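>>> Need coordinates for the below:
(2 chains)
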Amino acid sequence: MAGALSSLAFGSVGGSAFERRAATRDPAWVKWLILGLSLSFFAIFILLPLIAVFVEALRKGWGTYITALSEPDALAAVRLTLIAAAIAVPLNLIFGVSAAWAIAKYQFRGKNALTTLIDLPFSVSPVVAGLVFVLVFGAQGWFGSWLGDHNIRIIFAVPGIVLATIFVTFPFVARELIPLMESQGREEEEAAIVLGASGLQTFWRVTLPNIKWGLLYGVILCNARAMGEFGAVSVVSGHIRGQTNTLPLHVEIVYNEYNFAAAFAVASLLALLALFTLILKTIIEVRAASQVAKA
Amino acid sequence: MAAAASRRVLPGFGLTLGYTVGYLSLIVLIPLSAALIKTFSLSWEHFWQIVTAPRVVASYKLSFGTSLLAAAINSVFGLMLAWSLVRYSFPGKRIIDALVDLPFALPTAVAGIALTAIYAGNGWIGQFTEPLGLKIAFTPIGILIALVFIGLPFVVRTVQPVLQDLEAEYEEAAASLGANRWQTFTRVVFPLLLPALLTGFALAFARAVGEYGSVIFIAGNLPMISEITPLIIITKLEQYDYVGATAVATVMLFVSFALLLVINGLQAWTSRRMGRAR
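Residues are numbered from 1 along each chain as shown, chains lettered A, B, ... in the order given. A predicted model of the protein is given here:
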């Protein structure tokens, strides 16, 4: 997943090149066995759950589907999900660009350690991510009594949800940009500076056009995770209906009330978001590959 | 010397590095240190007693066992799927290639309820397996299935680029020296893929150990039987046992750190191997 776009430069030879030559061709029975096994596996484990979401959502008809999506609690969940993503994604975008600039354009001690630490949120369990914010801002936490005195709620309120979302989506943009900007070097930027451009001009006119697809790619993945995060947000949310429920938490609550059709209706919204993300991602990959081919 | 010179040419080093380190500390490092500091307030005996309680140990066995098995299953089928996507042409290939990332993009709670609907006793697959005595949902097998779902793209997406970069010449050379396809694969191709495959395995395993959303719906969550370690943390939190929750979280954090270091080492090995092969 790291630097997916930067590896596109090598392009795909296409399977046919290997299949045409006898020396590199797999025997037909091997080919059909591998294709059969891997595609059945794909169908059962990936395709079937996706289909199940939509079939279950429409099991009780369109009326139930529309009702489930237009009830006030569902709309409040949509709103909160959009708010969390609207704050988390831009913040992590600015961080990603800044981190990639520092790491890719300069040499300094501790660079590898810094890159590793940026990846940390990916390997921390979402539940642990939520827990640490409870320890810092919860009633029993470091700032708990101070926040209580000033009547500020972070845990079991919207700010906690936003913080947890920022944490779990932290590395997405940085991970995409660091390898991309490292592979592009710094000659173009240095030329711009030597010719008299300011730092900001150099960034807008030289760096940004070079990294735009990688940037967009990171933002899209970051957004998908921000809107879909469950574990971390669940710990800090407090599950107050209509107030601190994001869409994934709303799915859980409705599901646990055995209102399956409604739960799957809301889930189908999130599945559509996932499909939309994958389509955009594929388009960006094609665009980025053609940009690399032109360069 | 070159570094010092370029630092003078390109502006913004201090600003961007300062912002990066500051933001990283604020969002990630300081909150994570809160867990460690809280744990250090415990005596060693108390900590040990919490993290080795029978119910917690049962959850480690379950979480690590199912995660290892899921990562192993994904290594086998992920390699085959990557091989199919790179080496063969078949209808719908582009769509399947794009959908491989579905587990990254689909919210885990959605995956959880969808898998439960499929494997429950009245579900699409569950209704056929349960009469045969194979109960999947609400058992550790259900957990395994959820972990296979979320881990698959890690293996495919680490193996696929390496496979794509592999030139046909190696295999042609092997064939011209008299190796059959199986020998070529086991002696030439597989050793080149191994670092990437192990990286994918480790990534899938790391993700599976911490996974929560897709598992809790299908797991059944019975203490000692189908209760994963992240759920132990949640349960302790809901009982306001912050100390207990943090102690178990610290164990998980150390596992995460260790896995992160292993994965970094594997990735460095992969890029060295690819650099030499090209």
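
>>> My guess is A:Glu188 contacts A:Asn210. True?
Yes: the pair A:Glu188 / A:Asn210 is scored as a contact, 7.2 Å apart, by C-beta atoms under 8 Å. For every residue, glycine as well, the C-beta is placed using N, CA and C.

>>> if I look at A:Arg205, how far off is chain B?
Plainly put, A:Arg205 is 14 Å away from chain B if you go by C-beta to the nearest C-beta, to the nearest Å.

>>> Contacts only, for that residue.
Going by C-beta atoms under 8 Å, 6 or more residues apart in numbering or on different chains, A:Arg205 touches A:192, A:197.

>>> hmm, try it at 10 Å
Applying C-beta atoms under 10 Å, 6 or more residues apart in numbering or on different chains to A:Arg205 gives the contacts A:188, A:192, A:197.

>>> So it versus A:Leu270, what's the distance?
To A:Leu270, A:Arg205 is 38 Å away according to C-beta to C-beta, to the nearest Å.

>>> Ok, A:Trp146 next?
Applying C-beta to C-beta to A:Trp146 and A:Leu270 gives a distance of 36 Å.

>>> one step back: most neighbours out of the contacts of A:Arg205, which is it?
Counting neighbours by other C-beta atoms under 10 Å in any protein chain shown, A:Ala192 leads the contacts of A:Arg205 with 19 neighbours.

>>> Could you pull up phi and psi at that residue?
A:Ala192 adopts backbone torsions of phi -60, psi -40, taken as degrees, to the nearest 10.

>>> Name all residues that make contact with the residue lying closest to it once chain neighbours are set aside.
In space, and not counting its chain neighbours, A:Ala192 is closest to A:Thr202: 4.3 Å by C-beta to C-beta, 6 or more residues apart in numbering or on different chains. A:Thr202 makes contact with A:188-193, A:195, A:208, B:10-12, according to C-beta under 10 Å, 6+ apart.

>>> Now the buried members of these.
Listed as buried from the contacts of A:Thr202 are A:189-190, A:192-193, B:10-12; burial here means 16 or more other C-beta atoms under 10 Å in any protein chain shown.

>>> Briefly note if stretch A:209-217 comes near chain B.
No: contact of stretch A:209-217 with chain B (C-beta under 10 Å from any C-beta of the partner chain) is absent, the minimum separation being 11.5 Å.

>>> gap between B:Trp269 and chain A?
For B:Trp269 relative to chain A (C-beta to the nearest C-beta), the value is 15 Å.

>>> where does that residue land on pLDDT?
B:Trp269 carries a pLDDT value of 87.

>>> Now name the helix or strand holding it.
According to DSSP states H and E, B:Trp269 maps onto helix B:242-277.

>>> Repeat that for A:Gly63.
Per DSSP H and E, A:Gly63 falls inside helix A:61-70.

>>> What residues of the next helix or strand after that helix count as buried?
For helix A:61-70, the succeeding helix or strand toward the C-terminus, using DSSP H and E, is helix A:72-105. Neighbour-count burial for helix A:72-105 flags A:74, A:76-78, A:80-81, A:84-85, A:87-89, A:91-93, A:95-105 (criterion: 16+ other C-beta under 10 Å).

>>> returning to what we had before: list the buried residues of the helix or strand hosting the residue nearest to A:Ala192.
Assigned by DSSP H and E, A:Thr202 belongs to helix A:199-202. By neighbour count with 16+ other C-beta under 10 Å, helix A:199-202 contains the buried residues A:Thr202.

>>> got it, and stretch A:127-140?
Applying 16+ other C-beta under 10 Å to stretch A:127-140 flags A:127-138 as buried.

>>> Give me the distance between A:Thr81 and B:Thr129.
For A:Thr81 relative to B:Thr129 (C-beta to C-beta), the value is 35 Å.

>>> and the residue of the stretch 151-278 of chain B nearest chain A?
Nearest residue of the stretch 151-278 of chain B to chain A (C-beta to the nearest C-beta) works out as B:Gly210 at 2.8 Å.

>>> and B:Ala111, how many neighbours?
32.

>>> A:Val162 now?
22.

>>> Now do the same contact list for it.
Here A:Val162 is in contact with A:80, A:83-88, A:91, A:154, A:226, A:233, A:236 (C-beta under 10 Å, 6+ apart).

>>> pLDDT averaged over the helix holding A:Gly63 - what is it?
If you average the pLDDT over helix A:61-70, you get 93.
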